[in-house]
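*Asks:* Fold the stuff below for me.
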Amino acid sequence: MLKYDELISSFIILWAVIDPIGTIPVFIAVTKNYAEEEKKKIASFATIVSFFVLLFFLVVGELLLKSMGVPLAAFQVSGGIILLLFALNMVFGNSKPEEEIAMLRPGKETAVFPLAMPSIASPGAMLAVVLLTDNSRHSILDQALTALVMSFILFITYLNMRFSTKIVRIIGNSGAIVISKVMGLVLASIASTNILVGIQEFFRLK
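*Replies:* Numbering: from 1, shown residues only. Got it, this is the predicted structure:
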């Protein structure tokens, strides 16, 4: 069974990669033109989709990668690159880029992309659940506890999206833009770290 410090470590890792706080400016940006009731539905649907995407990788991610002959290091590099591109768009993109405006049609499409993926169930989050449930090191009970921690963080993410209107009233539109830019920088740093660590592990560099 996972020790207390391992459980805390899993929580910190999953919190960092799922990033419930960083999801707020993304949610605000892509739901700006929606009514409040539709925002609730989008938040709920995005959370549900994210849960099942991450649960899929938690249960069969490692087996799927091994069956395709893909090492975890390669997955880490590719996930880091995708995450970096998304982060760069957050930093250098406009507050309402054309891509986001085009997505503001069906609510479910907006909930799936970019909210569920790659904002909540990001490549980094997918990678994290695969690594945290390594079959060679963790029992079924350990993996169940990791899934429980993941679910708790997703619930916090849902609450942040659900009350994002009240949050943005406090911080204002300028504050939301600043948060988005800052989180983009943080996200870029995490992505770069994933790429460098993946390269290091793949080539077995010290």
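
*Asks:* Next, the contact list for Ser122, please.
*Replies:* By C-beta atoms under 8 Å, 6 or more residues apart in numbering, the residues touching Ser122 are 17-19, 79, 83, 86. The C-beta positions use only the backbone N, C-alpha and C, and glycine is treated the same way.

*Asks:* What separation is there between it and Glu38?
*Replies:* 24 Å (C-beta to C-beta, to the nearest Å).

*Asks:* same question, Val49
*Replies:* Counting by C-beta to C-beta - Val49 and Glu38 are separated by 16 Å.

*Asks:* Over to Ile195?
*Replies:* In terms of C-beta to C-beta, Ile195 sits 37 Å off from Glu38.

*Asks:* Quick check on the two: which one has the bigger neighbour count.
*Replies:* Ile195 (18 against 14; other C-beta atoms under 10 Å).

*Asks:* so which strand or helix has the more buried one?
*Replies:* Element membership for Ile195, per DSSP states H and E: helix 164-202.

*Asks:* What is that helix packed up against?
*Replies:* Applying 3 or more C-beta pairs under 8 Å, 6 or more residues apart in numbering; DSSP states H and E, one finds that helix 164-202 contacts helix 23-30, helix 36-67, helix 72-92, helix 123-132.

*Asks:* Kindly calculate the angle that it makes with helix 72-92.
*Replies:* Going by axes from the mean of the first three to the mean of the last three C-alpha atoms, to 10 degrees, helix 164-202 is angled at 140 degrees with respect to helix 72-92.

*Asks:* For helix 164-202, what is the distance to the chain centroid?
*Replies:* Its chain's C-alpha centre and that of helix 164-202 lie 11 Å apart, by C-alpha atoms, centre = their mean, to the nearest Å.

*Asks:* Just want the angle from it to helix 36-67.
*Replies:* Orientation note: helix 164-202 sits at an angle of 10 degrees relative to helix 36-67 (the same axes, to 10 degrees).

*Asks:* Just the mean pLDDT for helix 164-202, thanks.
*Replies:* The pLDDT scores in helix 164-202 average 76.

*Asks:* That helix to helix 23-30, inter-axis angle?
*Replies:* Using the same axes, to 10 degrees: helix 164-202 against helix 23-30 is 120 degrees.

*Asks:* and the angle for helix 164-202 with helix 123-132?
*Replies:* Using the same axes, to 10 degrees: helix 164-202 against helix 123-132 is 60 degrees.

*Asks:* Can you give me the pLDDT of the residue nearest to Ser119 when sequence neighbours are not counted?
*Replies:* Sequence neighbours aside, Val26 is the residue nearest to Ser119 in space, at 4.6 Å (criterion: C-beta to C-beta, 6 or more residues apart in numbering). pLDDT for Val26: 78.
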